[in-house]
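[1] Build me a model from this:
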Amino acid sequence: MFEVSRKELMRKSSVMQGITGRKTTLPILNNVFMKWEGGFLYLTGTDLETTIQESLEVKVYKEGKASVSSRKLFEIAKELSGESVKIQGKENYWINIQCEKAVFNLSGLDPDEFPSLPAPEGPFVSVSPQTLKEMIEKTAFAAASEERSYGGLNNVLFAWQGNGDSGKLRLVATDGYRLSLIEKQTPFVKGTDVGVMIPKRSILEMKKVLEENEDLEEVGIYFSASNGFFPSRFLFGYCPSF
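    A predicted model of the protein is given here:
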C-alpha cells in the first residue's frame, strides 16, 4: 500500500497514454506496470517498440507491484478531487484506490508477465533536456510519416562521436525530399562511435516526456544492442548520405 499526490499520479499516468493502448493483440500492453518500494512509485508503459518509465515520490506502507489498465488508472486519477490517493494491491491482481470518500477497485493482470525493462548499459550520452528537446523539434518533422515508411525513412538517426570526456551528438531525419540535421557538443560521451535509427513516434514520445519533466537538469541517453533506458527498438537500417 502507498499514498501519492493525486495531481502527480494524474500527471505521470498521462504520459503513459501515448505508449499504452495502441493496436495490440497482447492485453498486457494496454496496462501500466506499477511498482512501489523505497519511497518511490515506478510507472512503466511499453508497446514493445518504445518503453517509458516514470517515477515519483510516495509514502510506502507496504511494498508491492501491480499491472492495471493505463487508461482506467488515468481516468480515475483525473476524476478524483482529493489531495492524496491511497492504493493497495489486492488478491488476484486487483488494486484498491481510495481518495476521500471515493473508492475504486480496478482489475489487473499478473505483473510478472509485464515485459521487463532492460538495465542501462553503455555507451551513453549526457545532454541537457532543453538541448535534446530542441534537437528533436528541429529534426523529427522531416522524417516520413508511418504511411510513407519505405526504406526506414520514418526514423530519426541518432549518431554520436566521442573523444575522452567530450563529444558530439547528431540527429538526422529525412523523408527522401527534405533533410534536417542538427548537432551539439555534449559534455560526456563514453563508448565507441555509433549511429542508430529510432522510430519517429518513439522520438516524439521522448519529447513529451521531456516536456513533462522540465525541472530536469540533465538527461542520460543509454544505448545497448537493442534497447535504451528510454528503450526504443533501434532499427539498423538505411539512411541517405548527407
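
[2] Next SSE downstream of the least confident helix or strand in the chain by mean pLDDT?
    Ranking every helix and strand in the chain by mean pLDDT, DSSP states H and E puts strand 188-190 at the bottom, with a mean of 58. Counting by DSSP states H and E, the next helix or strand C-terminal to strand 188-190 is strand 194-199.

[3] And the helices in the protein?
    6-15, 70-79, 129-137, 200-212 (DSSP state H).

[4] could you redo the ones you listed as CSV and give each row distance to Ile28?
    Using the backbone N, CA and C atoms, a C-beta is placed for each residue, glycine as well. Formatted as CSV, those follow (distance: least, Cβ to Cβ, whole Å):
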stretch, distance to Ile28
helix 6-15, 17
helix 70-79, 11
helix 129-137, 29
helix 200-212, 19
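
[5] CSV for these, including distance to Trp36 and mean neighbour count?
    Below are the helices of the chain laid out as CSV (distance: least, Cβ to Cβ, whole Å; neighbours: other Cβ atoms under 10 Å):
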stretch, distance to Trp36, mean neighbour count
helix 6-15, 11, 19
helix 70-79, 13, 18
helix 129-137, 26, 18
helix 200-212, 20, 19
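
[6] how many other residues sit next to the nearest residue to Glu183 once chain neighbours are set aside?
    Among residues not flanking Glu183 along the chain, Arg170 sits closest, at 4.0 Å (Cβ to Cβ, 6 or more residues apart in numbering). Around Arg170 sit 17 other residues, with neighbours defined as other Cβ atoms under 10 Å.

[7] repeat for Gly89
    Gly89 has 20 nearby residues by other Cβ under 10 Å.

[8] Enumerate every residue touching it.
    Neighbour list for Gly89: Met1, Gly64, Lys65, Ala66, Ile95 [criterion: Cβ atoms under 8 Å, 6 or more residues apart in numbering].

[9] By neighbour count, which of the residues you listed wins?
    Top of those by neighbour number is Ala66, holding 24 neighbours under the definition other Cβ under 10 Å.

[10] I'd guessed it sits against Asn92; true?
    No - checked against Cβ atoms under 8 Å, the pair Ala66 and Asn92 is beyond contact range at 11.0 Å.

[11] Phi and psi next, for Ile19.
    Per-residue torsions, Ile19: phi -110, psi -50 (degrees, to the nearest 10).

[12] My guess is it contacts Thr44. True?
    No - using Cβ under 8 Å, Ile19 is not in contact with Thr44, being 9.4 Å away.

[13] Now the common contact residues for those two.
    Thr51, Ile52.

[14] Going by distance to Phe74, which of the contacts of Gly89 wins?
    Closest approach to Phe74 among the contacts of Gly89 (Cβ to Cβ): Ile95, at 13.8 Å.

[15] Which residue ranges make up the domains of this protein?
    Per automatic domain parsing, the domain ranges recorded for the chain read 2-113, 124-222.

[16] And the last one, how far out from the chain middle?
    For domain 124-222, the separation from the chain centroid amounts to 14 Å (computed by Cα atoms, centre = their mean, to the nearest Å).

[17] swap in stretch 86-102?
    On Cα atoms, centre = their mean, the centre of stretch 86-102 falls 25 Å from the chain's centre.
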